[in-house]
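Peer 1: Next input, structure requested:
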Amino acid sequence: WKTYLGRPETDGFRWRGMIGLASALVTSKRSAEALPVLEANLALGRRYWSHDENMLVAQNNYSICLDDLGRPDEALVIYRAVYAKMVANFGVSHERTIHMGNNIAGSMLTLRLWDDCKHFTRDQLLPAARRSLGPDHNITLGLGQNLAIAIEQDPESTRDDKLEAETIMQDVVRRRRRVFGPAHPHTLRAETGLSTARARLAHVVKWRDP
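Peer 2: Coordinates of the predicted model:
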């Protein structure tokens, strides 16, 4: 990005170089440093490149940065706006669109929007992911895990709901073991999720049984 730093602000290469810098900072979890770069980047993008596809990348990076800085409510607003543009540009079944939807579901979990997360994931994201990516794809499995978390953590969930969450997590764990192997971090996280689902179900059964 330093190659283009001295160019005028109307130079597209300079702007894309700033996107690259911001992406690197976000990926390395240096969100406090990334935030002013992202804000300047978005301001330039709106001024000169509002219809450029890279604006979606810049907005997504900004949302991730806000999430990392503990501002998930603000991130969710932008995630939704970017998702709507991706649906319009690429369709609901494109991998990029589904990935953005997964970001939305993650923010909903953080904000404890259980019903929103369940409906969005179950009705829109998972069918699209299974259809276009397949049931064993990492994004598809992550969406299933998000759905199970939303179901089991919802304080209004019933015993049948918690049974559903356990069933979903059993399927996620089985597929992750087969696809990634038993020692992969994704598999280990899924196994932790399954243990949590079983513990919550056991608590409900114990509380309701005489």
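Peer 1: Does the longest helix anywhere in the chain pack against any helices or strands, and if so which?
Peer 2: Counting residues, the longest helix in the chain under DSSP state H turns out to be helix 185-208. Identification of packing neighbours for helix 185-208 by 3 or more CB pairs under 8 Å, 6 or more residues apart in numbering; DSSP states H and E yields helix 138-153, helix 159-180. From N, CA and C alone the C-beta is placed, and that goes for glycine too.
Peer 1: Just the mean pLDDT for that helix, thanks.
Peer 2: If you average the pLDDT over helix 185-208, you get 83.
Peer 1: Check what contacts it and list those residues.
Peer 2: If you take CB atoms under 8 Å, 6 or more residues apart in numbering as the criterion, helix 185-208 is touched by 138, 141, 145, 148-149, 152, 159, 162-163, 165-166, 169-170, 172-173, 176-177, 180-181.
Peer 1: ditto for stretch 109-127
Peer 2: Outside stretch 109-127, the residues that touch it by CB under 8 Å, 6+ apart are 67, 72-73, 76, 92, 98, 101-102, 104-105, 108, 140, 143-144, 146-147, 149-151, 153-154, 156.
Peer 1: what about burial for the residues you listed, which qualify?
Peer 2: Of the members of these, the ones counted as buried by neighbours, 16 or more other CB atoms under 10 Å, are 67, 72, 76, 92, 98, 101-102, 104-105, 108, 140, 143-144, 146-147, 149-151, 153-154.
Peer 1: Please, which helix or strand holds Leu66?
Peer 2: Element membership for Leu66 (DSSP states H and E) is helix 54-68.
Peer 1: Same question for Glu33.
Peer 2: helix 31-48.
Peer 1: ok, and for that helix, which residues are buried?
Peer 2: 31, 34-35, 37-38, 41-42, 44-45.
Peer 1: circling back: what does the helix holding Leu66 contact?
Peer 2: For helix 54-68, the surrounding residues in contact (CB under 8 Å, 6+ apart) are 15-16, 19, 22-23, 26, 29, 31, 34-35, 38-39, 41-42, 45-46, 49, 72, 74-76, 78-79, 81-82, 85-86, 89, 100, 103, 106-107, 110.
Peer 1: Skip ahead from that helix and say which helix or strand is next.
Peer 2: Following helix 54-68 toward the C-terminus (DSSP H and E): helix 72-90.
Peer 1: helices and strands around that next one, which ones?
Peer 2: helix 54-68, helix 95-110.
Peer 1: Please dump the helices and strands packed on helix 185-208 into JSON lines; it should also carry mean pLDDT and distance to Leu194 for every row.
Peer 2: Output for the helices and strands packed on helix 185-208, formatted as JSON lines (pLDDT from 0 to 100; distance: least, CB to CB, whole Å):
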{"stretch": "helix 138-153", "mean pLDDT": "95", "distance to Leu194": "9"}
{"stretch": "helix 159-180", "mean pLDDT": "95", "distance to Leu194": "4"}
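Peer 1: Let's check: the centremost residue of the chain is which one?
Peer 2: Residue closest to the average C-alpha location in the chain (CA atoms, centre = their mean): Asn103, at 2.0 Å.
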